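Q: Fold the following and give me the result.
(chains A and B)
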Amino acid sequence: MQWNVVIDNFDYLLFGAYPEGPLGGIALTIILALVSIFGAFWLGLAVGLMRLSKRWWLKYPALVYIEIVRGVPLLMLILWFYFMFPVFLGKALPEWDSVIISFIVFTAAYVAEIVRAGVLALPKGQMEASRATGLTHFQAMCHVILPQALRNMIPSFVNQFVSLTKDTSLAYVIGVVELTRAAEQVNNRTLSAPMEIYLTILVMYFIICYVLTSFSRRLERKMARYQARG
Amino acid sequence: MNYQFQWNVVLSGEYLDWIIKGVVVTCQISAVSLFLALVIGTVIAVMRLTRFKPFVWFTAAYTEFFRNTPLLVQIFFWYFGSDGLLPRPVLQWLYERDFEFAAGVIALTVYTSAFIAEEIRSGINSIPKNQLEASRACGLSFVQAMRYVILPQAFRIIIPPLISQSLNLIKNSSLCMTIGVAELTYMARQIESYSFRGFEAFTINMLIYLSISLLVSLAINQYNKHFLRMAG
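A: Residues are numbered from 1 along each chain as shown, chains lettered A, B, ... in the order given. Got it, this is the predicted structure:
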């Protein structure tokens, strides 16, 4: 065992080359996950509501989008976007931008399904009662349905955030220096302690994801109590 | 847009051969990993339901750890780190053969078995408790009760989620490209390197993965219909 390699390079695993160079390591992993989940929430909300719409020109494009994204590996999506942008935009996007767009598009499909399940779980009478009191469909959705549905979605949404946090490791394949790429660089530089390095970052990922997963479970139990009272 | 699509380039001659080989390797690594993951997942799930505390703690730790860490890092761990884990003769044996494939199989198996264990545990818990009690009352041991009474019923219920896990496994096998397993994604990357037609290569690969997942989804739907008809 050569844990000194890990200890000597621990700040690199945490922050990458910062402040001398670009931010990397687990800090970048967390930033990638947060930025992507923020984007995925709004896109997923829009797609989820489209999926629920009675208008076919909203419903079926959303359905096709969800099925395509759920049917392909995220790695394929990352590589596909990476090579697609030069084709359609005429210039390559930076790795960071490319990978964030991939994460947002990928995760939004799963968020859309969570949104759909959350809305469908509410009794139909809620929408009918809202319309009967004179609200438009849009007003009913914004002020009556979504607040309740979004609250119900929170545990599933946290689970999706955990999945996304794990998936940020895939940014490795196009050279983004998050935790996995940072570990590879340390390993290539030192060449003496691969098991220790990868075990360390496994534990680092585990700590983050397990905390979030436990949080999600606690939320679910609270939601259950909340539902029981209502 | 000045780009000229050349689909025929990535579908001709050598490149088409590569794609076909990639599909074959993807199917191979997925099939081997799925079989092993089902076996290990079942064992883990049953161990967790015993009253033997060390079993329960080990299986809980196993499923929590491997479900909450990225598969890509697990692949690297088994590939780069196994030098310090496995005895020399085993390593030698693996090195003489396809070490990348073996590392990929181990990673995919361990990762997927953690999810499968949870599915099976849910399935077992959904069987009424008195089934197990009645089995024991008839003189069956715990293992016998599990094998002949509980698991057959549980597996019928959890086949759809297991098929979903199979689909996830096939998609996850794309990550083995990072350690040199020559599967579908690896081949697309290689075609891109040789022809500079990355967009076409990856689009076709996405269509292949999509076809596989749609076929599997159809299988799930057919099973659900059949199962519901039987149950009704």
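Q: secondary structure element for residue B:212?
A: Per DSSP states H and E, residue B:212 falls inside helix B:198-231.
Q: Buried residues in that helix, which are they?
A: If you call a residue buried by 16 or more other Cβ atoms under 10 Å in any protein chain shown, then helix B:198-231 has these buried ones: B:198-206, B:208-210, B:212-213, B:216-217, B:220. The C-beta positions use only the backbone N, C-alpha and C, and glycine is treated the same way.
Q: Intersect those residues with the contacts of chain A.
A: Applying Cβ under 8 Å from any Cβ of the partner chain, the subset of the buried residues of helix B:198-231 adjacent to chain A comprises B:198, B:199, B:202, B:203, B:205, B:206, B:209, B:210, B:212, B:213, B:217.
Q: Please list all residues in contact with the fourth one.
A: Going back to what we said before, that points to residue B:203. Applying Cβ atoms under 8 Å, 6 or more residues apart in numbering or on different chains, we find residue B:203 in contact with residue A:80.
Q: One more: the fifth one?
A: By Cβ under 8 Å, 6+ apart, the contact set of residue B:205 is A:76, B:19, B:184, B:185, B:187, B:188.
Q: for chain A, which helix is longest?
A: Under DSSP state H, the helix in chain A containing the largest number of residues is helix A:194-229.
Q: Give me the distance from that helix to the chain's centre.
A: 15 Å (Cα atoms, centre = their mean, to the nearest Å).
Q: Just the residues contacting the helix or strand bottoming out on mean pLDDT in chain B, thanks.
A: In chain B, no helix or strand scores lower on mean pLDDT, DSSP states H and E than helix B:7-10, which sits at a mean of 77. Outside helix B:7-10, the residues within contact range by Cβ under 8 Å, 6+ apart are B:15, B:19, B:191, B:195, B:197, B:200, B:201, B:204.
Q: could you dump these to CSV with pLDDT?
A: Listed next are the contacts of helix B:7-10 as CSV, based on pLDDT from 0 to 100:
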residue, pLDDT
B:15, 88
B:19, 90
B:191, 90
B:195, 86
B:197, 83
B:200, 88
B:201, 89
B:204, 89
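Q: Of those, just say which sits nearest to residue B:84.
A: If you rank these by distance to residue B:84 using Cβ to Cβ, residue B:191 comes first, at 35.6 Å.
Q: Chain neighbours aside, what residue packs nearest to that closest one?
A: Closest residue to residue B:191 in three dimensions, ignoring its sequence neighbours and counting by Cβ to Cβ, 6 or more residues apart in numbering or on different chains: residue B:201, at 4.2 Å.
Q: Would you agree that neighbour is in contact with residue B:193?
A: No: using Cβ atoms under 8 Å, residue B:201 is not in contact with residue B:193, being 9.5 Å away.
Q: Relative to residue A:173, how far out is the residue nearest the centre of chain B?
A: Using Cα atoms, centre = their mean, the residue of chain B that lies closest to the mean C-alpha position is residue B:169, 3.4 Å off. From residue B:169 across to residue A:173, the span is 19 Å (Cβ to Cβ, to the nearest Å).
Q: What of residue A:43?
A: 23 Å.
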